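pasted the sequence and its predicted model underneath.
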Amino acid sequence: MGGRIVAVCTSEKKGMRKKNIGEGILKPDHGLEGDAHAGDWHRQVSLLALESIEKMRAKGLDVNPGDFAENLTTEGLVLVDLPVGTKLRIGSKALGEVTQIGKVCHDRCAIYYQAGDCVMPREGIFIKVLRGGPVKVGDTVELA
């Protein structure tokens, strides 16, 4: 059971849409190099399925990978069904562990106001990076 990466996204500030930079470096115990959410905590890297973004498109929203502030947009893997503790191989070298499914948004973020809704709290997942490595569009994401 696996999927693939369709976008690798970063932003300079939290709560902002992210830009697809196409490739990056996952750093152990840190996250995606150059991203505002990286650091020593349990939500180092966020993942959202393209299938979730397509649900928002079906509601008439003009949204794309990165618009929900996810770092990695995936396709072909039902992220929200992966239990906490699941390990994921990302690309040729990196290994991540699911630490959280969804999140509570206490305030409506910029994404909510820009997009009219935010699917990330319901369907996004978070991982910590156990083993680093490069990640790029087209890489596989598989259960380890």
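Here it is on my side, so go on.

and the pLDDT at the nearest residue to Pro83 once chain neighbours are set aside?
Using Cβ to Cβ, 6 or more residues apart in numbering and skipping residues adjacent in sequence, the residue nearest Pro83 is Val98, 7.0 Å away. To be clear about C-beta, it is placed using only N, CA and C from the backbone, and glycine gets the same treatment. Per-residue pLDDT puts Val98 at 97.

what does Gly102 give?
For Gly102, the predicted pLDDT is 82.

tell me how many other residues surround it.
15 (other Cβ atoms under 10 Å).

quick check: it touching Ile125?
Yes. Applying Cβ atoms under 8 Å as the test, Gly102 and Ile125 come out as touching, 7.5 Å apart.

list residues touching both of these two?
Jointly contacting Gly102 and Ile125 under the rule Cβ atoms under 8 Å, 6 or more residues apart in numbering are Val80.

ok, back up a step: contact partners of the strand or helix carrying the residue nearest to Pro83?
Here Val98 sits within strand 94-101, counting by DSSP states H and E. Here strand 94-101 makes contact (Cβ under 8 Å, 6+ apart) with 26, 42-43, 45, 80, 82-90, 125-135, 144.

just the pLDDT for the residue nearest to Gly34 when sequence neighbours are not counted.
Spatial nearest neighbour of Gly34, chain neighbours left out: Thr10 (5.2 Å); criterion: Cβ to Cβ, 6+ apart. We have a pLDDT of 97 for Thr10.

distance from the chain centre to the top helix by length along the chain, please.
Secondary structure assigned by DSSP state H gives helix 50-58 as the longest helix of the chain. Its chain's average C-alpha position is 14 Å from that of helix 50-58, according to Cα atoms, centre = their mean, to the nearest Å.

which parts of the protein are strands?
2-10, 19-20, 23-27, 31-32, 45-49, 72-75, 87-90, 94-101, 125-131, 133-136, 140-143 (DSSP state E).
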